[in-house]
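# For reference, the sequence and a predicted model appear below.
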Amino acid sequence: MTNLYGQENLTMLTDFYELTMANGFFENGRGEQIAYFDMFFRNVPDGGGAAIMAGLEQVIHYLKNLSFSEEDIDFLRSKNLFSEAFLAYLAKFKFTCDVWAVPEGTPIFPHEPIVTVRGPAMQAQFVETMVLLAINHQSLIATKANRIVRAAEGRAVMEFGSRRAQGFNGAVYGARAAYIGGCVGTACTIADREFGIPALGTMAHSWVQLFDSEYEAFAAYAKVYPHSCTLLVDTYNVLKSGIPNAIRVFNEVLLPMGCRPKGIRLDSGDITYLTKKARKMLDDAGFPDCAICASNSLDEYIIRDMIRQGACIDSFGVGERLITASSAPVFGGVYKLAAIEQDGTIVPRIKVSENVAKITNPCFKELWRLYDHDTGKAIADVITLHDEVIDDTQPYEIFDPEHIWKRKTITNFRAVRLRRRIFENGNCVYETPTVSQIRDYCREQMDTLWDEVLRFENPHKYYVDLSQALWDEKQKLLSRHGH
């Protein structure tokens with residue numbers, strides 16, 4: 001994994017209160033107390049039925065390289081808030097936590113512990129910011145990309161959003177996340193160099209404008225790239241000049257070289273109407289194999305509507321609305337204390353709120369997915385206590401944790417632990433897959449969800465249930481706190 005931030009030390013990319021709390025833990029003799037923190041999210045973006053886990057590789061890289069430089073220590077000393085003993089601790093800091101996480105590319109659902117960090121409270125609390133930053137961002141973009149890819153119904157989707165991303169890291173890691181979500185490639189060249197994501201692209205309108213005529217521009221490009229010639233045909237007039245000039249170049253330049261055109265691209269106008277006309281013109285000219293690519297501020301809804309209206313499009317280039325997830329630009333993952341250890345015993349902790357959705361699930365937990373043996377489809381997820389085992393050779397009762405009278409006994413199913421151990425005592429024990437392997441895994445796992453769960457509007461609720469033992473523990477804590 002390449003560190004795209006160069007050699008910059010990201011240890012200080014943290015919310016300042018992580019440091020003030022760490023110092024406070026240290027001064028109160030609580031810094032080494034073992035704590036369990038969960039990352040989870042509360043809502044799927046865009047009102048969707050499922051999200052996609054992404055960003056874990058960047059979390060791993062961050063945790064492997066945690067260290068405070070002399071400059072970091074000097075800066076913190078200048079704040080006149082931190083004890084010298086605490087600063088001395090930071091100077092020798094070594095990450096020693098255990099980490100469990102759901103692998104990238106896995107469909108995930110609200111309130112599931114997608115990451116758990118166990119270790120000294122100072123450390124487990126401190127890493128909150130970067131865990132949330134990396135996973136919130138890439139899970140958001142992977143989820144949006146997957147919606148757009150599904151709307152395209154098998155047509156290729158290319159990520160074209162680098163110039164509209166929020167910062168260079170947003171462009172690079174956004175391209176990575178979009179590829180995990182199902183895009184076939186990216187316009188972001190560095191994403192190809194670093195992750196092997198195919199870099200794609202042809203020409204801009206400026207190429208056409210720099211020549212004295214559209215025909216000359218097309219001919220010049222075709223001569224340079226005869227085996228991958230895709231022409232942008234909407235600089236002046238798509239139907240009166242763009243496509244006629246493209247066809248002329250195909251006949252006069254490419255065919256004599258023994259080459260066929262790869263495609264044309266439309267970036268403006270009524271694309272549905274224009275692609276229908278373009279398809280007929282190309283077919284009549286003897287180029288039924290010339291593909292049509294559409295771009296221009298697309299999203300899943302526009303793509304879906306164009307396809308429904310009969311647009312003749314073979315692929316889509318999607319930019320700003322993908323790379324920024326503009327319709328729902330916040331993933332909303334949070335990081336909450338779930339338990340501590342006292343004298344070797346795990347003691348659950350809960351956050352209580354008048355807002356029921358903000359009440360946390362306590363305890364050190366495990367996450368399971370139950371699959372139907374006959375269909376291979378996911379039935380539900382179950383959050384259990386960490387030492388519970390779901391025996392899929394026996395009937396198992398699941399219930400809605402909010403409406404507990406809704407119960408169902410399932411049989412003929414397969415129970416799978418979703419999370420993997422990533423770090424043990426601060427040492428990484430997980431081999432990160434390639435981004436292509438993650439993409440393939442994501443496609444396979446999304447196929448285990450029913451179409452009803454993946455609807456864009458009013459999706460069927462996929463149930464995330466609590467085991468009876470975990471539900472009982474939660475009720476005990478709520479009662480103890482007067483609820």
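Cool, got the structure.
# If you count residues, where's the longest strand of the chain?
In the chain, assigned by DSSP state E, the strand with the most residues is strand 333-342.
# by contact count, what packs against it?
Contacts defined by 3 or more C-beta pairs under 8 Å, 6 or more residues apart in numbering; DSSP states H and E place strand 333-342 against strand 34-41, helix 128-151, strand 345-348. All C-beta spots, glycine's among them, are computed from the backbone N, C-alpha and C.
# Look up how far Val172 lies from Ala204.
21 Å (C-beta to C-beta, to the nearest Å).
# More neighbours: which of those two?
A side-by-side neighbour count of Ala204 and Val172, using other C-beta atoms under 10 Å, places Val172 first with 24 against 12.
# Kindly confirm my reading that the more buried one forms part of a helix.
Yes - Val172 sits within a helix when classified using DSSP: H, G, I helix; E, B strand; the rest coil.
# Single out the most deeply packed of the helices and strands packed on strand 333-342.
helix 128-151 (a mean of 25; mean count of other C-beta atoms under 10 Å).
# okay, and for the stretch 1-150 of the chain, where does confidence drop off?
1-8 (pLDDT under 70).
# if we go to 50?
1-2, 5 (pLDDT under 50).
# in it, which spans are strands?
In the stretch 1-150 of the chain, the strands defined using DSSP state E, counting those that start in this stretch lie at 34-41, 51-52, 98-101, 107-108, 115-120.
# Distance from the chain centre to the last one, please.
Here strand 115-120 shows a centroid-to-chain-centroid distance of 22 Å under the convention C-alpha atoms, centre = their mean, to the nearest Å.
# Kindly report the same for the first one.
When distances are taken as C-alpha atoms, centre = their mean, strand 34-41 is centred 20 Å away from the chain's centroid.
# before we move on, what about stretch 316-333?
11 Å.
# quick one: buried residues of that stretch?
Residues of stretch 316-333 classed as buried by neighbour count (16 or more other C-beta atoms under 10 Å): 316-325, 328, 331-333.
# Report the lowest-confidence entry in these.
Going through the buried residues of stretch 316-333 one by one, the lowest pLDDT turns up at Gly332, 93.
# my guess is that one meets Asn136, correct?
Yes - counting by C-beta atoms under 8 Å, Gly332 does reach Asn136; the two are 7.2 Å apart.
# Give me the spatial nearest neighbour of the spatially most central residue of the chain, chain neighbours excluded.
Nearest to the centroid of the C-alpha atoms of the chain, with distances taken as C-alpha atoms, centre = their mean, sits Ser139, at 2.4 Å. Excluding the flanking residues, the one nearest Ser139 by C-beta to C-beta, 6 or more residues apart in numbering is Ala54, at 4.9 Å.
# who's in contact with that neighbour?
Each residue near Ala54 by C-beta atoms under 8 Å, 6 or more residues apart in numbering is listed here: Glu104, Gly105, Ile135, Gln138, Ser139, Ile141, Ala142, Arg176, Ala177, Ile180, Gly181, Ile438.
# hmm, 7 Å instead?
Glu104, Gln138, Ser139, Ala142, Ala177, Ile180 (C-beta atoms under 7 Å, 6 or more residues apart in numbering).
# Then Ala191?
So Ala191 contacts Val172, Ala175, Arg176, Ile197 (C-beta under 7 Å, 6+ apart).
# can you rerun that using 6 Å?
Val172, Ala175, Ile197 (C-beta atoms under 6 Å, 6 or more residues apart in numbering).
# again, but for Gly319
Gly319 neighbours (C-beta under 6 Å, 6+ apart): Phe160, Gly161, Arg164.
# please redo it, this time with the cut-off set to 10 Å
Going by C-beta atoms under 10 Å, 6 or more residues apart in numbering, Gly319 touches 158-165, 187, 295-298.
# got it, and Leu132?
Leu132 neighbours (C-beta under 10 Å, 6+ apart): Asp15, Met39, Phe41, Gly55, Val59, Val115, Phe331, Gly332, Gly333, Val334, Tyr335.
# what do you get for Cys363?
Cys363 makes contacts with 36, 38, 113, 338-339, 346-350, 383-386, 466, 469-470, 473-474, 477, as judged by C-beta under 10 Å, 6+ apart.
# hmm, try it at 6 Å
Ala339, Pro348, Leu385, Glu473.
# between the residues you listed, which is nearest Ile303?
Closest approach to Ile303 among the contacts of Cys363 (C-beta to C-beta): Leu385, at 43.6 Å.
# circling back to that earlier point, which one of the contacts of Cys363 is nearest Ile404?
Glu473 (14.5 Å).
# Quick check: the closest one is in a helix.
Yes - assessed by three-state DSSP, Glu473 belongs to a helix.
# what about it, how many residues close to it?
19.
# Any chance you could list what contacts stretch 183-190?
Residues contacting stretch 183-190 (C-beta under 6 Å, 6+ apart): 145, 156-160, 162, 171-172, 175, 197-201.
# make that stretch 91-108, sorry
Residues contacting stretch 91-108 (C-beta under 6 Å, 6+ apart): 50-51, 53-54, 56, 63, 66, 68, 73, 114-119, 123-124, 180, 418-426, 438, 441-442, 445-446, 449.
# Filter those residues down to just the ones in helices.
Leu56, Leu63, Ile73, Gln123, Ala124, Ile180, Ile438, Tyr441, Cys442, Gln445, Met446 (DSSP state H).
# biggest separation within the residues you listed, which pair?
Applying C-beta to C-beta across the ones in helices among the contacts of stretch 91-108, the maximum distance is between Ile73 and Met446, 45.9 Å.
# more neighbours, the two?
Neighbours were counted for Ile73 and for Met446 using other C-beta under 10 Å; Met446 has more, 20 against 16.
# Next, count neighbours for the nearest residue to that one once chain neighbours are set aside.
Spatial nearest neighbour of Met446, chain neighbours left out: Pro107 (6.0 Å); criterion: C-beta to C-beta, 6+ apart. Pro107: 26 surrounding residues under other C-beta under 10 Å.
# how close does Tyr236 get to His205?
For Tyr236, the distance to His205 equals 9 Å [C-beta to C-beta].
# Quick check: pLDDT value at Ala339.
98.
# so it bridges to which residues?
For Ala339, the beta-bridge partners under DSSP bridges are Tyr36, Pro348.
# so what's it up against?
Contacts of Ala339 by C-beta under 6 Å, 6+ apart are Tyr36, Ile346, Pro348, Arg349, Cys363, Phe364.
# one more time with 7 Å, if that's ok
With contact taken as C-beta under 7 Å, 6+ apart, Ala339 is in contact with Tyr36, Ile346, Val347, Pro348, Arg349, Pro362, Cys363, Phe364.
# wait, what's in contact with the residue lying closest to Asn412 once chain neighbours are set aside?
The spatial neighbour of Asn412 that comes closest, neighbours along the chain excluded (C-beta to C-beta, 6+ apart), is His373 at 4.7 Å. Contacts for His373 (C-beta under 7 Å, 6+ apart) come out as Asn412, Phe413, Arg414.
# Strands - which of these land there?
The members of the contacts of His373 that map onto strands under DSSP E are Phe413, Arg414.
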